[in-house]
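S.K.: here is my input, please return the structure:
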Amino acid sequence: MRATSMLQAAARLRPIVTLGAPVLRKVAAKVPESMFNTPELDTLVDDMVSAMRNANGAGIAAPQIGEPWRVFVVHGTGKNPRYPYKPAIPLTVFVNPEVEVLNDTPMQMIEGCLSIPGMRGKVERACRVRCRARRPDGSEFVVVTEGHAAGTIQHEQDHLDGILFPDITLPNGLMTWDAFEEYYKDDFFAYADEVNRKYPTPITWEVGGPVEEGVTTSPSAAAPEEVPDASTTALEVPTVYAADLTWTGSAFERGVTVGVGADGRIAFVDRKGDRSREVHGTRRLEGRALIPGFVNAHSHAFQRGLRGRGETYPRADGPDGAERPSFWTWREAMYGLVTELQTVEAFKAKTLQCFREMAAAGITTVGEFHYFRHAADGDNPEGVNFAMDAAVVEAAREANVRLILLAACYERGGFDGSPLGPGQSRFRTADLDQYWKQMDCIADSLNADRGEAVGAVIHSLRAVGVPTVQSLAAEATRRGIRLHVHLEEQPQEIADCQKAHGVTPLGLLLASVPAENLSRLCAVHCTHSAPDELAQLVAAGAGVCICPLTEGTLGDGVFLSPEATAGAVSLGTDCNARIDMFEEMRWLEYTQRLARGRRGVYASLNPADTSGELARQLLECATVHGARDLGVESGAIEQGKWADFALLDLNAAALAGSNDDDVLGAAVFGGSAEGLVVDTCTAGVWTHLNNLGS
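M.R.: Okay, the predicted model is just below:
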């Protein structure tokens with residue numbers, strides 16, 4: 001057995017090639033003997049596993065990431081949202097596989113393929129096959145598979161021979177994924193369950209092991225004296241990282257190793273200083289610092305398309321001339337962008353651009369406050385189609401950013417109940433039954449094994465009436481999901497609410513929603529909220545998200561009541577005019593310094609924390625508190641949390657001359673994402689890989 005296995009190589013996220021790519025139509029080459037037991041083959045396998053997991057695949061072949069080798073991987077979790085009927089089988093790598101049909105009784109499958117997105121097809125697969133293959137270390141094994149596992153093996157073997165499922169689809173059997181969902185899903189799922197009952201032993205090892213807990217094997221499985229090779233299945237043991245500095249929650253420390261498990265979570269954090277859990281093959285991150293990945297609690301990704309626009313301000317001829325530039329004039333420019341983005345493709349392009357910039361800035365989780373939900377429909381311009389929802393999900397996965405999709409309810413034009421304006425029609429929520437039905441569809445498409453989730457959204461008290469606010473809050477509590485709301489960003493919003501209801505928007509929320517339904521709420525902005533009302537909201541368990549750069553961009557004002565939060569606010573990039581959590585952190589503090597004429601404001605807000613460690617407290621706003629407000633198990637480098645990291649360059653100019661104790665302060669108050677962040681890792685998957693060291 002080799003000392004350094006593929007299990008210790010870092011994974012990266014490579015794009016899946018799609019129909020039309022020549023590599024998918026070529027017969028893959030046999031892996032030569034010289035390639036076994038090498039980093040080249042190990043890295044190929046790790047890249048395949050990362051791409052498969054990121055796309056919720058049940059298997060993947062090397063040509064699907066553009067590599068012309070006879071290698072495929074299969075994995076059944078038993079709870080794959082893309083193929084929920086497929087049984088659990090261990091993640092197994094097949095090199096130079098040979099498939100033999102043992103029972104050609106046909107199974108009528110409706111297959112999909114990561115390389116043919118949006119399509120499925122009816123095909124026939126033999127119900128039982130044997131596969132002889134080798135592992136990346138060169139050892140041989142033989143498995144017998146039946147039922148769905150046999151179908152997966154045959155599908156992946158076809159890829160190695162340049163065959164795609166449309167080539168063997170039965171007459172009239174090709175369909176879109178939407179058509180499958182509407183016309184065929186229920187019947188096929190019932191048939192798929194019957195296949196599982198008829199073929200209850202998905203995989204049996206005849207030669208070479210392994211025998212894993214929960215995997216049914218026959219008496220002919222591996223002999224008792226055989227110990228499964230460490231490289232039997234990819235990523236079964238932790239990948240170990242050792243950065244020069246690692247943030248452990250209170251300080252940067254040296255001599256720390258971090259293990260990342262196959263599930264994308266942190267398996268251990270060893271702070272002994274002797275690197276006692278380091279093994280040969282540990283990824284040494286020399287000249288690097290490892291910090292928790294940033295959590296962006298509030299974003300409207302498509303608004304990235306407004307960057308650079310609207311920053312010209314001609315003077316009015318007189319005091320009563322043109323309208324003063326404000327949030328409300330900016331909003332009209334935003335509606336103009338909505339009009340430009342007519343298609344799903346155009347919307348996704350802007351969203352993907354934004355999410356990729358977030359990943360480059362060290363952000364590993366985003367709470368996408370998603371209200372632009374419908375594509376333009378020439379025949380029905382007022383139509384509700386939710387076509388933009390899937391585009392957000394796809395864009396986040398392609399960028400390697402975990403998505404918490406905060407799906408907005410938006411039903412009216414103002415506190416007076418006025419109808420939506422022309423620029424708002426593509427935000428519209430027709431009714432709550434439809435809203436929650438679509439929420440269920442989104443949830444089904446997300447990958448919980450990667451931490452993706454949904455949350456409910458009251459766009460604002462001006463856009464959602466009190467009965468709907470009450471219903472949304474109650475249902476979000478019942479479902480155990482987060483609830484977000486824009487609140488008191490603008491004085492005009494407060495004045496309009498007082499005119500209509502006699503109270504502020506926050507006062508209306510507190511009077512309308514029981515405290516038990518506010519404990520999972522996050523109020524965004526609260527720029528002009530009264531201290532006593534905000535303290536009441538926080539006492540109910542709600543969080544507050546501040547977006548300093550956006551609030552500056554729009555001229556909203558300075559957060560009035562930070563004392564009510566004890567400084568425990570999350571941060572968001574909101575309109576994404578600038579995506580840099582280091583700047584968000586420092587401007588959270590700097591705006592208060594300007595308003596109050598003193599320094600260290602956020603270091604003085606929490607009576608329980610008198611340390612004065614301002615840089616640490618601001619980092620917690622960008623990590624720990626964001627994770628809280630999105631309900632994500634991240635924000636800290638701790639055992640059991642998601643392996644979400646930002647990797648910083650200790651040789652960056654902003655950190656020059658800093659000792660270990662000063663590095664965080666130098667980064668927060670003097671650095672920028674462009675100069676500091678060299679890579680990010682989300683749920684164990686690195687975005688770029690080329691900066692990981694040796």
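S.K.: relative to G255, how far out is K272?
M.R.: Distance of K272 to G255, computed by C-beta to C-beta, to the nearest Å: 7 Å. For glycine as for every other residue, the C-beta is placed from the backbone atoms N, C-alpha and C.
S.K.: how many neighbours does the nearest residue to A29 once chain neighbours are set aside have?
M.R.: Leaving aside its sequence neighbours, A29 sits nearest to P68 (C-beta to C-beta, 6 or more residues apart in numbering; 5.4 Å). The tally of other residues near P68 (other C-beta atoms under 10 Å) stands at 14.
S.K.: P68 touches K30, doesn't it?
M.R.: No: in this structure, P68 is not within contact of K30 by C-beta atoms under 8 Å, at 10.4 Å.
S.K.: got the buried residues for the helix or strand harbouring V393?
M.R.: V393 belongs to helix 387-399 when assigned by DSSP states H and E. Neighbour counts over helix 387-399 (16 or more other C-beta atoms under 10 Å) mark 387-399 as buried.
S.K.: now stretch 446-464
M.R.: 446-447, 450-464.
S.K.: and if you look at stretch 485-505?
M.R.: 485-490, 493-494, 496-497, 501, 503-505.
S.K.: between those residues, which sits nearest T339?
M.R.: H486 (21.6 Å; C-beta to C-beta).
S.K.: tell me which of the buried residues of stretch 485-505 fall in strands.
M.R.: V485, H486, L487 (DSSP state E).
S.K.: so who does the second one touch?
M.R.: For H486, the set of contacting residues under the criterion of C-beta atoms under 8 Å, 6 or more residues apart in numbering consists of F369, I458, H459, S460, V524, H525.
S.K.: and with 6 Å instead?
M.R.: H486 makes contact with S460, V524, according to C-beta atoms under 6 Å, 6 or more residues apart in numbering.
S.K.: before we move on, what about the first one?
M.R.: When contacts are counted by C-beta under 6 Å, 6+ apart, V485 is found next to I458, A523.
S.K.: and the gap between it and L506?
M.R.: 10 Å.
S.K.: ok, the second one next?
M.R.: From H486 across to L506, the span is 11 Å (C-beta to C-beta).
S.K.: can you check the last one too?
M.R.: In this structure, L487 and L506 are 6 Å apart, going by C-beta to C-beta.
S.K.: now do stretch 242-254: distance from first to last residue.
M.R.: 9 Å (C-alpha to C-alpha, to the nearest Å).
S.K.: list the buried ones in that stretch?
M.R.: So for stretch 242-254, counting by 16+ other C-beta under 10 Å, buried means A242, A243, D244, L245, T246, W247, T248, G249, F252, E253.
S.K.: also stretch 82-94?
M.R.: Y83, Y85, K86, P87, A88, I89, P90, L91, T92, V93, F94.
S.K.: ok so, going back, can you tell me what sits against the helix holding V393?
M.R.: 54, 344, 347-348, 351-352, 355-356, 359, 368, 370, 372-373, 375, 403, 442, 445.
S.K.: repeat that for stretch 599-614.
M.R.: P562, E563, A566, G567, E589, Q592, R593, Q617.
S.K.: pull the most distant pair out of these.
M.R.: A566 and R593 (18.3 Å).
S.K.: confirm T468 sits in a helix?
M.R.: Yes: assessed by DSSP: H, G, I helix; E, B strand; the rest coil, T468 belongs to a helix.
S.K.: just the pLDDT for P419.
M.R.: P419 is assigned a pLDDT of 91 by the prediction.
S.K.: tell me who's in contact with it.
M.R.: Contacts of P419 (C-beta under 6 Å, 6+ apart): G413.
S.K.: quick one: G173 from K198, how far?
M.R.: 22 Å.
S.K.: more neighbours: the two, which one.
M.R.: G173 (18 against 12).
S.K.: thought the more buried one was touching V123?
M.R.: No: using C-beta atoms under 6 Å, G173 makes no contact with V123, being 7.2 Å away.
S.K.: taking the buried residues of stretch 242-254 one by one, which sit in strands?
M.R.: A242, A243, D244, L245, T246, W247, F252, E253.
S.K.: gap between the fourth one and L614?
M.R.: Distance, L245 to L614, using C-beta to C-beta: 19 Å.
S.K.: what of the first one?
M.R.: Computed with C-beta to C-beta, the distance linking A242 and L614 is 29 Å.
S.K.: with the fifth one instead?
M.R.: According to C-beta to C-beta, T246 stands 21 Å off from L614.
S.K.: how about the third one?
M.R.: The gap separating D244 from L614 is 24 Å, by C-beta to C-beta.
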